[in-house]
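S.K.: Structure here, sequence nowhere to be found:
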């Protein structure tokens, strides 16, 4: 498989991720209204959903294989979680973890030479992902001011597992393509992707969670084992 084909597959996967993100942010905004209608995060979530719909079209243009368009979302919060805990789980997973890691990955990519049309897309998505990560931290701060969020630490291993079970972390993600060729198409090679993920978790995400009182010991144990 050529680097262009690997990249086309990667952008097709990103298309699916962006569709799901738009659905999730819309749903989270509605759920948050149910128990915290005064939260400024509601408007942030709605704006993020609009951003993701724009990203969908950007990724569609770069994908080179049949696209999978989800129409619903799998439940990711633990069974039996209250609505408030369900929202907290999803926001930490989607924003504090996934969007923060995405910002780090895209930042690394933007330091590499890329095809001009790819760089424009990566730059636009990166700009938006910064805001999406911030909304997660804003919601966590609001919840931590109202109640203890220490127990959210028990959820972190499942979130990390979910983040690294995606297509880009698979053993055949690179298909033996040259690093420079993958970077030119906006695809971070697997070894770099793993290194960025680990560094972002250890240096940004977990310290950030600890500042709000989340117990990160389960996540640190998971990172040591994986």
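M.R.: Great, that's in hand. No experiment lies behind these values; they were computed from the predicted model shown. Residues are numbered from 1 along each chain as shown.

S.K.: For the closest residue to residue 155 other than its chain neighbours, give its distance to residue 215.
M.R.: Excluding the flanking residues, the one nearest residue 155 by CB to CB, 6 or more residues apart in numbering is residue 89, at 5.6 Å. Any C-beta I mention is one placed from the backbone N, CA and C, and that applies to glycine too. From residue 89 across to residue 215, the span is 15 Å (CB to CB, to the nearest Å).

S.K.: residues in contact with the residue positioned nearest the centre of the chain?
M.R.: The residue lying closest to the centre of the chain (CA atoms, centre = their mean) is residue 98, at 2.5 Å. Contacts for residue 98 (CB atoms under 8 Å, 6 or more residues apart in numbering) come out as residue 163.

S.K.: Could you look up the SS state of it?
M.R.: Secondary structure state of residue 98, per DSSP: H, G, I helix; E, B strand; the rest coil, is helix.

S.K.: okay, residue 89 and residue 215: which has more neighbours?
M.R.: residue 89 (19 against 16; other CB atoms under 10 Å).

S.K.: Quick one: residues in contact with the helix or strand hosting that one.
M.R.: Here residue 89 sits within helix 83-91, counting by DSSP states H and E. Defining contact as CB under 8 Å, 6+ apart, one finds that helix 83-91 is touched by 24, 28, 31-32, 34-35, 41, 76-78, 81, 135-136, 139-140, 143, 149, 152, 155, 159.

S.K.: pLDDT (mean, whole number) over that helix?
M.R.: The average pLDDT for helix 83-91 rounds to 98.

S.K.: just stretch 202-221 next, same as before
M.R.: Per-residue pLDDT over stretch 202-221 has a mean of 98.

S.K.: just how off-centre is that stretch within its chain?
M.R.: 17 Å (CA atoms, centre = their mean, to the nearest Å).

S.K.: same question, stretch 108-126
M.R.: The answer for stretch 108-126 is 17 Å, by CA atoms, centre = their mean.

S.K.: tally of neighbours for the spatially closest residue to residue 64 that is not a sequence neighbour?
M.R.: Nearest residue to residue 64 in three dimensions, chain neighbours excluded: residue 8, at 2.6 Å (CB to CB, 6+ apart). For residue 8, the neighbour count with other CB under 10 Å is 18.

S.K.: per-residue confidence for residue 5?
M.R.: On pLDDT, residue 5 comes in at 89.

S.K.: State the number of residues packed around it.
M.R.: When neighbours are counted by other CB under 10 Å, residue 5 comes out with 14.

S.K.: That one: what's it in contact with?
M.R.: Contact partners of residue 5, counting by CB under 8 Å, 6+ apart, are 64, 175.

S.K.: ok, now with 10 Å
M.R.: The contact partners of residue 5, taken as CB atoms under 10 Å, 6 or more residues apart in numbering, are 64, 65, 175, 177, 185.

S.K.: Which residue, other than its chain neighbours, is closest to the fourth one?
M.R.: Nearest residue to residue 177 in three dimensions, chain neighbours excluded: residue 3, at 4.3 Å (CB to CB, 6+ apart).

S.K.: And that neighbour, its phi and psi?
M.R.: Dihedral angles of residue 3 (phi, psi; degrees, to the nearest 10) stand at phi -60, psi -40.

S.K.: how much space is there between it and residue 37?
M.R.: Taking CB to CB, one finds residue 3 at 48 Å from residue 37.
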